[in-house]
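*Asks:* Mind folding the following:
(4 chains)
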Protein chains: 4
Amino acid sequence: MIGKKKWIIPDGFLQPKSTGDQISHEAVCVLNLEDTDAEIKLTFYFEDREPMTDFVSTCGAKRTHHIRLDKLTDKQGQEVPRGIPYAIEVDSNVPVVVQHSRLDTSQEALALFTTMAYSG
Amino acid sequence: MIGKKKWIIPDGFLQPKSTGDQISHEAVCVLNLEDTDAEIKLTFYFEDREPMTDFVSTCGAKRTHHIRLDKLTDKQGQEVPRGIPYAIEVDSNVPVVVQHSRLDTSQEALALFTTMAYSG
Amino acid sequence: MIGKKKWIIPDGFLQPKSTGDQISHEAVCVLNLEDTDAEIKLTFYFEDREPMTDFVSTCGAKRTHHIRLDKLTDKQGQEVPRGIPYAIEVDSNVPVVVQHSRLDTSQEALALFTTMAYSG
Amino acid sequence: MIGKKKWIIPDGFLQPKSTGDQISHEAVCVLNLEDTDAEIKLTFYFEDREPMTDFVSTCGAKRTHHIRLDKLTDKQGQEVPRGIPYAIEVDSNVPVVVQHSRLDTSQEALALFTTMAYSG
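*Replies:* Coordinates of the predicted model:
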């Protein structure tokens, strides 16, 4: 079994501005090497308000899913807030591997960052 | 219990120059999944002088805090020095997860970097 | 013995566009500190199709190899697909250390990202 | 005791081109939290030649040292080669923490990347 069921990403931020062809965004990139689909729950933590807990996604068996956080909506249709700091807890029902990346095109050209998430 | 009480970031640098809308800065991004607030102590190490030890911050229970290092002051009102290399030790009284990021707008457009901090 | 035999990279993407002198690409950077050559097998996982399993490379004893994914072909001469998300599993017959980097020149100037791969 | 005595960085590259005010470079950033100075040995591995083994540096007790690889010379006065891929093994006589960063100004604006080094 490769991977972990819980992953933590402290530095989340959806840049509201974009220039050029590419939209600023973040992605939670999941790889599921198991034989069953992964049910993934995303919890968003903030600096000054209660967490948002109703975001879910899936990643098929032997598949990857690069979950676009700018396109994600929860069960009530709410989006991830733009322009404010957050942190992400990723919980999966089977072991997966999680990497977090940001594309920022707010200020000419594009900037990228990435890191493997923390798995305890 | 998720996280660790001590985190290390060897590559710190506050870029003194900025262009465009966004200010060059670094952030120590903390997530506290515990039920009690985290009291956070930051120690800055340098190449040629004694460490600065009197920086503190907090991160609420079930909250994140993206601590802006360009805005942080110690108990004597001193800022983190600009334009020289430093390293950071982050100590919390409860387990937290720590990621370090830099935004550099010194030379047209913006550059980003990030990494999960080291927790031993 | 330093390193691991299996490494995971969830966020892979070959940017099809480039500007300026440098071609957008990704590299799987391997260091082999053993006394024997490393035989390396790369498996690519996708969001909506079966994995591609027939990519191989080598890294000599006491050598590094920065495997360019835009130049890699499998045993049937197939390239890694451009412009779609993938994830990478790296398997070596001897312990190695693996880091993954991307260079993106799609939108003026260049952007870089890197992270140590995940080794379980 | 915080840190490790051996750290590995598979993706090294000294970009020979620079634009604007800032020189393209890499740094091996060390933090030494011990009470004694750290004697640091850097070994560079290549794709097609024997390793270079005679690079040394130091990091004082309770100090950081951001070792600039473009300024480093070995005991024979040789520099780290420019424009070719390498990997780095960092060995210290006391436990330290190591992060690796690159600044690339080859193609308008600047790009940054960083990752915590691998410590086994």
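
*Asks:* residue contacts, the residue nearest to residue A:46 when sequence neighbours are not counted?
*Replies:* Nearest residue to residue A:46 in three dimensions, chain neighbours excluded: residue A:86, at 5.4 Å (Cβ to Cβ, 6 or more residues apart in numbering or on different chains). In short, each C-beta sits where N, CA and C put it, glycine included. Counting by Cβ atoms under 8 Å, 6 or more residues apart in numbering or on different chains, residue A:86 touches A:12-13, A:44-46, A:80, B:64.

*Asks:* quick one: the residue most central in space within chain A from residue B:63, how far?
*Replies:* Per Cα atoms, centre = their mean, the C-alpha nearest to the average position across chain A is that of residue A:28, at 3.1 Å. For residue A:28, the distance to residue B:63 equals 20 Å [Cβ to Cβ, to the nearest Å].

*Asks:* for chain A, what helix or strand is lowest in average pLDDT?
*Replies:* strand A:111-116 (a mean of 86; mean pLDDT, DSSP states H and E).

*Asks:* what's in contact with it?
*Replies:* In contact with strand A:111-116 (Cβ under 8 Å, 6+ apart) are residues A:97-105, B:99, B:101, B:109-116, C:11, C:102, C:104, C:111-118, D:111, D:115.

*Asks:* make it 7 Å
*Replies:* Strand A:111-116 is contacted from outside by A:99-104, B:99, B:101, B:110-116, C:11, C:102, C:104, C:111-113, C:115-116, C:118, using Cβ atoms under 7 Å, 6 or more residues apart in numbering or on different chains.

*Asks:* again with stretch A:58-78
*Replies:* Stretch A:58-78 is contacted from outside by A:14, A:23, A:25-40, A:52, A:54-55, A:57, A:79-80, A:96, C:10-11, C:45-47, C:51, C:85-87, using Cβ under 7 Å, 6+ apart.

*Asks:* among the residues you listed, which ones are buried?
*Replies:* Neighbour counting by 16 or more other Cβ atoms under 10 Å in any protein chain shown classes A:14, A:25-34, A:38, A:40, A:52, A:55, A:57, A:80, A:96, C:10-11, C:45-46, C:85-87 among the contacts of stretch A:58-78 as buried.

*Asks:* Which of those fall in helices?
*Replies:* Among those, DSSP state H puts none in helices.

*Asks:* Take those and keep only those in strands.
*Replies:* With DSSP state E as the criterion, strands contain A:25-32, A:38, A:40, A:52, A:55, A:57, A:96, C:10-11, C:45-46, C:86-87 from among the buried ones among the contacts of stretch A:58-78.

*Asks:* mind checking the SS state of the residue lying farthest from the centre of chain A?
*Replies:* Residue farthest from the centre of chain A, counting by Cα atoms, centre = their mean, is residue A:108 at 24.2 Å. Assigned state for residue A:108: coil (three-state reduction, DSSP: H, G, I helix; E, B strand; the rest coil).

*Asks:* near chain B, which residues of chain A show up?
*Replies:* Applying Cβ under 7 Å from any Cβ of the partner chain, we find that chain A lies next to chain B at A:8, A:10-11, A:45-47, A:51, A:85-87, A:102, A:104, A:107-109, A:111-113, A:115-116, A:118, A:120.

*Asks:* which residues of chain A score low on pLDDT?
*Replies:* For chain A, the stretches with pLDDT under 70 are A:120.

*Asks:* got the residues of it near chain D?
*Replies:* Going by Cβ under 7 Å from any Cβ, the residues of chain A near chain D are residue A:109.

*Asks:* What parts of chain A come near chain C?
*Replies:* So chain A meets chain C at A:2, A:20-22, A:29-31, A:33, A:62-66, A:97-99, A:101, A:105, A:108-116 (Cβ under 7 Å from any Cβ).

*Asks:* From chain D, how far out is residue A:64?
*Replies:* 21 Å (Cβ to the nearest Cβ, to the nearest Å).

*Asks:* likewise residue A:71?
*Replies:* Counting by Cβ to the nearest Cβ, the gap from residue A:71 to chain D is 26 Å.

*Asks:* Torsion angles phi and psi at that residue?
*Replies:* Residue A:71 adopts backbone torsions of phi -110, psi -10, taken as degrees, to the nearest 10.

*Asks:* Just give me the neighbour total for it.
*Replies:* Using other Cβ atoms under 10 Å in any protein chain shown, residue A:71 has 11 other residues around it.

*Asks:* Also residue A:61?
*Replies:* Quick note: residue A:61 (other Cβ under 10 Å) scores 12 neighbours.

*Asks:* Regarding it, which helix or strand does it belong to?
*Replies:* Using DSSP states H and E, residue A:61 sits in no helix or strand.

*Asks:* Could you look up the SS state of residue A:67?
*Replies:* Per three-state DSSP, residue A:67 ends up strand.

*Asks:* what sits against the residue lying closest to the residue farthest from the centre of chain A once chain neighbours are set aside?
*Replies:* Once flanking residues are discounted, residue A:108 sits nearest to residue B:109: 4.4 Å by Cβ to Cβ, 6+ apart. Going by Cβ under 7 Å, 6+ apart, residue B:109 touches A:107-109, C:109, D:109.

*Asks:* For residue B:109, give its distance to residue A:72.
*Replies:* Taking Cβ to Cβ, one finds residue B:109 at 27 Å from residue A:72.

*Asks:* before we move on, the earlier item: check contacts around the residue farthest from the centre of chain A.
*Replies:* A:19, B:108-109, C:108.

*Asks:* what's the farthest-apart pair in these?
*Replies:* Spanning the widest gap among the contacts of residue A:108 are A:19 and B:108, at 12.7 Å by Cβ to Cβ.

*Asks:* quick revisit: will you turn the contacts of residue A:108 into CSV that also has distance to residue C:91?
*Replies:* CSV is the format used below for these (distance: Cβ to Cβ, whole Å):
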residue, distance to residue C:91
A:19, 40
B:108, 42
B:109, 38
C:108, 37
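
*Asks:* for those, which one is nearest residue A:91?
*Replies:* So of those, ranked by how close each gets to residue A:91 (Cβ to Cβ), first place is residue A:19, at 34.9 Å.

*Asks:* Now for residue A:76, how many residues are close by?
*Replies:* When neighbours are counted by other Cβ under 10 Å, residue A:76 comes out with 7.

*Asks:* Is it part of a helix or strand, or is it coil?
*Replies:* Going by three-state DSSP: residue A:76 is coil.
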